[in-house]
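Student: Provided below are the primary sequence and the corresponding predicted coordinates.
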Amino acid sequence: MEPTELTARSTPIPGLVLFELPVHGDHRGWFKENWHRSKMMALGLPDFGPVQNNISFNALRGTTRGIHAEPWDKFVSLASGRIFGAWVDLRDGPTFGTMFHAELTAKDAIFVPRGVGNAFQTLEDDTAYTYLVNDHWSASAQAEYTFLNVGDENVAVPWPIPLERAILSAQDRNHPRLAAVTPMQSRRTLVLGADGQLGKALRQEFDGDPTVDFAGRAQFDISAENSYLATDWRKYSTIINAAAFTAVDAAETAEGRTAAWSINAAAVSRLARTAVEHSLTLVHVSSDYVFDGTAAVHREDEAPAPLGVYGQSKAAGDAAVAAVPRHYIVRSSWVVGEGRNFVRTMAGLAAKGVAPTVVGDQWGRLTFASDIAAGIRHLITQQAPYGTYNLTNDGEPQSWADIAQDVYRLCGADPGKITTISTSEYAKPGTAPRPGSSILDLSKIKEAGFIPSMSHARLEAYLRSGTSL
């Protein structure tokens, strides 16, 4: 009986999914929906973004092709005829060498992930084998292929027609056995802005992970077109953008305005275009400055209303990233890490016995860079739903003056030395406007399984570690 609806079933090879397609026929022939993006995604197929359709026509029964593992995903089906298909996992990992086989006709299709060896043998004359791929062939791509001998006794593909009687190329007869095959490595993650405050935290978070590459500005300048052209994006599955112009007050100057828009908006738009073109996941860090601070607590779905140039440039970058199908926008506030920051400044003043004046009518929570890095890793590894996530440390919201008093107390200084002033009293010519409330709702990131650390505990640990000295 022909299938009446699209169905999918998994196989022993992770990511290799076999589909049964409804085929509607009458005296004229038949019709099928060979590829239906939304229906197949609903059944668990990734949105793999096909860019090319290929057809292999095989005139004679017994034609045998493979086993080839290619550096892209492919969706295989038949326009005519019948095949015996065999797939071998040639990716680095615990399922390396696992084999699956099945017979396919026009009612069947299979999604073959990158790095899974693909082979088939025609069981009828005039078999048309068709497949979608999500990258274009090139000589450099060809060099990344991984090949396995079709007759390898360790894999033992049960070919219906013995290979000595099959139509087979000399190359496919002479590919290496499994023991000599170099497994295909998984795609990598590229961290940009790796020399900054967050970039250093990301280096620590992913320390020892051989699938993560780090690039400071000297290695990859997000504002320079040459950086994009010189990168082999086929190697990557994910970009984490930790590069940003963060000098809030300087952004109000003519020179700073240009730099803020160049780095936070134009360059981020270029990154977004790259992510779309190469089907990459783009992780981008946003800011509380995209809001005007009039809402008591900011949710992820609040419309941006930035007050200053820095916030405006960040909001523009967010809009570009939001257009990428696979994106995470991680919105933080009041970031603390290695480098210049408010906590480091207050600790230095406490050590010198200085009595500073600090704003007491701006409210929010600190975000330690190490927690942002951990949250980013969580979203990626747990494959959380794409979208925007607020991520700060948890605990009762505080004013800058409250935090300054905590720093003094933890440093053994007198918190009474802190004098509280208002934003209007603090403001000087050239000072950027700041949101009154930077409090971000953390419900969504918690629902995704990441529980931010409490702000006060992280502050105490930060000061004890000597990072601020």
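Tutor: In hand now; what should we look at? Residues are numbered from 1 along each chain as shown.

Student: first to last residue in stretch 424-434, what's the distance?
Tutor: 11 Å (CA to CA, to the nearest Å).

Student: Any idea how many residues pack against the nearest residue to residue 177 once chain neighbours are set aside?
Tutor: Excluding the flanking residues, the one nearest residue 177 by CB to CB, 6 or more residues apart in numbering is residue 152, at 4.9 Å. Every residue, glycine included, has its C-beta placed from N, CA and C. As a burial measure, residue 152 scores 20 neighbours (other CB atoms under 10 Å).

Student: Downstream of the helix or strand where residue 64 lies, the next helix or strand is which one?
Tutor: Secondary structure from DSSP states H and E places residue 64 in strand 63-69. With elements assigned by DSSP H and E, the helix or strand that comes after strand 63-69 is strand 74-80.

Student: Which residues belonging to that following strand are considered buried?
Tutor: 74, 75, 76, 77, 78 (16 or more other CB atoms under 10 Å).

Student: which stretch of helix or strand covers residue 409?
Tutor: helix 400-410.

Student: what packs against that helix?
Tutor: helix 342-352, strand 357-359, helix 455-464 (3 or more CB pairs under 8 Å, 6 or more residues apart in numbering; DSSP states H and E).

Student: Can you list the helices and strands that the helix or strand following the second one packs against?
Tutor: Secondary structure here is assigned by DSSP H and E; on that basis, the next helix or strand after strand 357-359 toward the C-terminus is strand 363-364. Identification of packing neighbours for strand 363-364 by 3+ CB pairs under 8 Å, 6+ apart yields strand 398-399.

Student: Adjacent strands (with direction) for the strand it packs on?
Tutor: strand 363-364 (antiparallel) (DSSP bridges).

Student: For the partner strand, give the mean pLDDT please.
Tutor: Mean pLDDT, strand 363-364: 96.

Student: Which of the buried residues of strand 74-80 sits closest to residue 383?
Tutor: Each of the buried residues of strand 74-80 was scored against residue 383 by CB to CB, and residue 75 proved nearest at 20.5 Å.

Student: and the closest one, what does it touch?
Tutor: By CB atoms under 8 Å, 6 or more residues apart in numbering, the residues touching residue 75 are 35, 48, 50, 109, 110, 111, 112, 131, 132.

Student: any idea how far residue 239 is from it?
Tutor: With distances taken as CB to CB, to the nearest Å, residue 75 is found 25 Å from residue 239.

Student: quick one: residue 53 and residue 132 touch, right?
Tutor: Yes. Using CB atoms under 8 Å, residue 53 is in contact with residue 132, at 5.4 Å.

Student: Looking at these two now, which is surrounded by more residues?
Tutor: Using other CB under 10 Å as the criterion, residue 53 and residue 132 rank with residue 132 on top: 21 against 12.

Student: who are the neighbours in contact with that one?
Tutor: Here residue 132 is in contact with 35, 50, 52, 53, 54, 74, 75 (CB under 8 Å, 6+ apart).

Student: ok, for it, nearest residue in space, not its chain neighbours?
Tutor: Nearest one to residue 132, counting by CB to CB, 6+ apart, is residue 50 at 3.8 Å.

Student: Any stretches of the chain with poor pLDDT?
Tutor: 1-3, 466-469 (pLDDT under 70).

Student: residue nearest the centroid of it?
Tutor: In the chain, the centroid-proximal residue (CA atoms, centre = their mean) is residue 281; its distance is 3.2 Å.

Student: shouldn't that residue be in contact with residue 376?
Tutor: No. With contacts counted by CB under 8 Å, residue 281 stays clear of residue 376, the gap being 11.0 Å.

Student: Only alpha carbons, please: show the helix or strand harbouring residue 131 as PDB.
Tutor: For residue 131, the enclosing helix or strand under DSSP H and E is strand 127-133. Output of strand 127-133 as PDB, limited to C-alpha atoms (Å, rounded to 0.1, in the frame of the first residue of the first chain):
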ATOM      1  CA  THR A 127      17.600   4.600 -12.500                       C
ATOM      2  CA  ALA A 128      17.600   8.400 -11.800                       C
ATOM      3  CA  TYR A 129      19.200   9.200  -8.400                       C
ATOM      4  CA  THR A 130      18.700  12.800  -7.400                       C
ATOM      5  CA  TYR A 131      20.000  14.700  -4.400                       C
ATOM      6  CA  LEU A 132      19.900  18.200  -2.900                       C
ATOM      7  CA  VAL A 133      23.100  19.600  -1.200                       C
END
